[in-house]
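Chemist: Okay, structure incoming, though there's no sequence with it:
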């Protein structure tokens, strides 16, 4: 176990400088310590920042601190009081852990053998429960409710909670991963709105898409508010993610949008259990430190929840700084190993690295050392982080919470490399887990049938269930939950489609331009046009949509605070906080996430919006196809316009730019209806039919997306024949 040389641990602020006056330096340090003792860490933080700012005015170079010590961001003296009944919450959290594990275990019975992920929820139970008891507002909240992107593999915990709440039955729990064979009582293994439309809001298991969709959901909330369509000022977006998931390019690729738009209505909670599916996330490094540097550099507010309250006394007694030094230097691979061993092992391989730290725990038993918890499992630490996140303004927040995968499941599961794939418990595991959680189930009940271990519910009149239900009532209702309010909207009149039907006369016009003309007329339609959300990834001029700039304007919550270079032109680039066009830049992945947020607004906000996403066709189902599957799972509605389509248009730019196969790829998605129209009058009929299909009052399935491929080659567009 060697000290880490990972550059993410600490910025070497003094490594390359000499101390010319050691005594004076010590006096400054002692003075700062006295300030902390006399006035607390909040005052010390302000003074430190003021000094850094003052140093800059005198050209004193101070390097940027991208990472902090491997300790909690929020000092103990700044932690708020925990407002709930921690004991009663701990009791029913034990019921949740038990039922979640038993549900997966029962699904692994020999005649079914579908299993699931037994360890994921065990590691995030506290992170969920602090939110569900004190922060996450349901759809009935006066402010409109929060949007929560639950971590996909931990869905058994959501089902276990719904069982205690009375929303799911034992029969439904026994249908886990058996949507068809146990229909209508089957439950999808992951968050899947299309498979369980009354329950799930967001599909999150396709790694990386959840983080990206959460960012654009937060942006769309602000978009609705700034356009005056809905007051979303009291709504918050929460995304629960894994540290291994953050390796996906999509997970980190659009962080700048959240920072640039100051989305303080967004919080990422990253469950840093230091493990991915096969092994450590950063065995030779420190993923929390790496993510801290990355998010801070991207402009986010960062809160670390590394250690539980049991460490507070040790850190306070660490007068030499040796404990913090060892925490900084210990590799993630070692931290994982510690939780797979014993208290004695931790004493010998962690605390014994220094005489000072060995002395710190000299009076501790091995059991006490083993019970030094990590931050993700401590209600008070997590509550303090959540409270700080929702009160922080001007930036999105990421909470990096260190936990244990398989926490509480026993030595066969906790922190093991294979724990993600483990689906069942031995009889010994079950009994040890029951004892650890103090579940009142007898040995006889477990001995009688290994794969029929009973669920536990204390009854609707128990103090635990009454408390649980009261907390959700005060917060606005159950979560996750997907409302089914179908808003009736005014559909456009026939005249809105007239331009497409009359042809281009003597002029040449591409089908792209024919579509854009129809779109412009639709946006002018009274009682309808304000619902259209044009989404263009930096190709508006290519598609002839720059004519939209002066009137519809480009959405930017900061407005346009610069003198535009083309301000004198008729088609000047205009940004506005009330702008209509979502312009994500050269970013088809982000544009598709924006499409998803707008296309599901009918469910998340009860406000029907009509996204029209136009892009180079090969960047759709070829490049971002997985996102369209996620949009389909979330039951998005809207128009997807693949422009510059065809095999010949851009062949000279490489085969990856030639697109004649997107219709084939799109056809594999059952929620996509594709058309490849030749003439503008066909487009008019298709768009009119699509609006009626997706947003009308008929009995057909509204949850589809219309995909049109259009071309940039200008031709004589014929008028609609009389006999059509």
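Modeler: Sure thing, it's come through. Owing to the predicted nature of the structure, the values given are computational and were not obtained by experimental measurement.
Chemist: The helix ranked longest in the chain: which residues count as buried?
Modeler: For the chain, the helix that runs over the most residues, judged by DSSP state H, is helix 22-57. Within helix 22-57, the residues that qualify as buried by neighbour count (16 or more other CB atoms under 10 Å) are 36, 44. For glycine as for every other residue, the C-beta is placed from the backbone atoms N, C-alpha and C.
Chemist: I'd like the average pLDDT over that helix.
Modeler: Confidence over helix 22-57, taken as the mean pLDDT, stands at 88.
Chemist: Determine how far it lies from the middle of the whole chain.
Modeler: Here helix 22-57 is found 37 Å from its chain centre; the criterion is CA atoms, centre = their mean, to the nearest Å.
Chemist: again with stretch 432-440
Modeler: The gap between where stretch 432-440 is centred and where its chain is centred comes out at 32 Å by CA atoms, centre = their mean.
Chemist: go on, stretch 563-570?
Modeler: Per CA atoms, centre = their mean, the displacement of stretch 563-570 from the mean C-alpha position of its chain is 38 Å.
Chemist: What of stretch 305-325?
Modeler: A distance of 31 Å separates the C-alpha centroid of stretch 305-325 from that of its chain, computed with CA atoms, centre = their mean.
Chemist: Please verify my assumption that residue 248 contacts residue 212.
Modeler: No. Counting by CB atoms under 8 Å, residue 248 does not reach residue 212; the two are 9.0 Å apart.
Chemist: Of the two, which one has the most company?
Modeler: Legend: neighbour count by other CB atoms under 10 Å for residue 248 and residue 212, higher for residue 212 (28 against 18).
Chemist: what's that one in contact with, if anything?
Modeler: Taking CB atoms under 8 Å, 6 or more residues apart in numbering as the contact definition, residue 212 lies against 250, 251, 253, 254, 589, 590, 593, 627.
Chemist: Could you identify the helix or strand that succeeds the host helix or strand of it?
Modeler: Element membership for residue 212, per DSSP states H and E: helix 209-226. Using DSSP H and E, the helix or strand that follows helix 209-226 in sequence is strand 237-242.
Chemist: neighbouring strands for that following strand, and are they parallel or not?
Modeler: Its sheet considered, strand 237-242 pairs with strand 147-149 (parallel), strand 266-272 (parallel) by DSSP bridges.
Chemist: Residue 239 touches residue 149, doesn't it?
Modeler: Yes. Taking CB under 8 Å as the definition, residue 239 is a contact partner of residue 149 at 4.2 Å.
Chemist: what's the overlap in contacts for the two?
Modeler: 210, 211, 214.
Chemist: close enough to count as contact, the last one and residue 237?
Modeler: Yes. When contacts are counted by CB under 8 Å, residue 214 is listed as touching residue 237 (5.5 Å).
Chemist: Overlap of the contact sets of those two?
Modeler: Contact with both residue 214 and residue 237 is made by residues 147, 149, 266, according to CB under 8 Å, 6+ apart.
Chemist: Highest neighbour count among the residues you listed?
Modeler: residue 147 (30 neighbours).
Chemist: Please parse this protein into its domains.
Modeler: 1-65, 86-475, 494-545+581-716 (automatic domain parsing).
Chemist: quick check, distance from the shortest one to the centre of its chain.
Modeler: What it means is domain 1-65. Relative to the mean C-alpha coordinate of its chain, domain 1-65 is positioned 34 Å out (CA atoms, centre = their mean).
Chemist: Show the low-confidence segments of this protein, by residue range.
Modeler: With pLDDT under 70 as the threshold, the chain has low-confidence stretches at 1-16, 63-65, 410-423.
Chemist: do you know how far the spatially most central residue of it is from residue 389?
Modeler: A centroid search over the chain (CA atoms, centre = their mean) returns residue 239, at 3.0 Å, as the residue closest to the centre. Between residue 239 and residue 389 the distance, using CB to CB, to the nearest Å, works out to 12 Å.
Chemist: about what we covered before: out of the strands paired with strand 237-242, which comes closest to residue 690?
Modeler: Relative to residue 690, the nearest member of these by CB to CB is strand 147-149, separated by 26.4 Å.
Chemist: And residue 308, how close does it get to residue 424?
Modeler: Between residue 308 and residue 424 the distance, using CB to CB, works out to 29 Å.
Chemist: For residue 585, which non-adjacent residue is closest in space?
Modeler: residue 538 (5.3 Å; CB to CB, 6 or more residues apart in numbering).
Chemist: now that neighbour, what's its secondary structure?
Modeler: Using DSSP: H, G, I helix; E, B strand; the rest coil, the secondary structure recorded for residue 538 is coil.
Chemist: What's the local residue count around it?
Modeler: 14.
Chemist: got it, and residue 255?
Modeler: Number of residues near residue 255 (other CB under 10 Å) recorded here: 21.
Chemist: Filter the contacts of residue 212 down to the ones in helices?
Modeler: For the contacts of residue 212, secondary structure assignment (DSSP H) places 250, 251, 589, 590, 593, 627 in helices.
Chemist: quick one on the thing from earlier: direction-wise, compare the helix holding residue 212 with strand 266-272 and give the angle.
Modeler: Taking axes from the mean of the first three to the mean of the last three CA atoms, to 10 degrees, helix 209-226 and strand 266-272 form an angle of 160 degrees between their directions.
Chemist: helices and strands around the helix or strand following the longest helix of the chain, which ones?
Modeler: Towards the C-terminus, the helix or strand next in line after helix 22-57, according to DSSP H and E, is helix 86-106. Packed against helix 86-106, as judged by 3 or more CB pairs under 8 Å, 6 or more residues apart in numbering; DSSP states H and E, are the following elements: helix 120-134, helix 155-164, helix 170-173, helix 379-391, helix 427-437, helix 463-475.
Chemist: quick one: which of those is nearest residue 50?
Modeler: Comparing the helices and strands packed on helix 86-106 under CB to CB, the one sitting nearest is helix 379-391, at 20.9 Å.
Chemist: could you check the angle strand 237-242 makes with the closest one?
Modeler: Relative orientation of helix 379-391 versus strand 237-242 (the same axes, to 10 degrees): 130 degrees.
Chemist: Could you list the residues in contact with helix 379-391?
Modeler: Outside helix 379-391, the residues within contact range by CB under 8 Å, 6+ apart are 72-74, 78-80, 82-84, 86, 89-90, 126-127, 129-131, 134-135, 236, 267, 301, 303, 305, 307-309, 375-376, 397, 399, 401.
Chemist: do stretch 139-148 as well
Modeler: Under the contact criterion CB under 8 Å, 6+ apart, stretch 139-148 has outside partners 131, 135-138, 201-202, 214, 217, 221, 230-240, 475-477, 479-481, 483, 604-605.
Chemist: List only buried entries from those.
Modeler: Neighbour-count burial within the contacts of stretch 139-148 applies to 131, 135-138, 201-202, 214, 217, 221, 230, 232, 235-240, 475-476, 479-481, 483, 604-605; the criterion is 16+ other CB under 10 Å.
Chemist: can you redo the strands paired with strand 237-242 as a markdown table with distance to residue 196?
Modeler: Compiled in a markdown table, those are given as follows (distance: least, CB to CB, whole Å):
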| stretch | distance to residue 196 |
| --- | --- |
| strand 147-149 | 15 |
| strand 266-272 | 23 |
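Chemist: between those strands, which gets nearest to residue 189?
Modeler: The closest of the strands paired with strand 237-242 to residue 189 is strand 147-149. By CB to CB, the value is 16.9 Å.
Chemist: Of the ones in helices among the contacts of residue 212 - the most surrounded one?
Modeler: In terms of neighbour count, residue 593 stands highest of the ones in helices among the contacts of residue 212 at 31 neighbours, by other CB under 10 Å.
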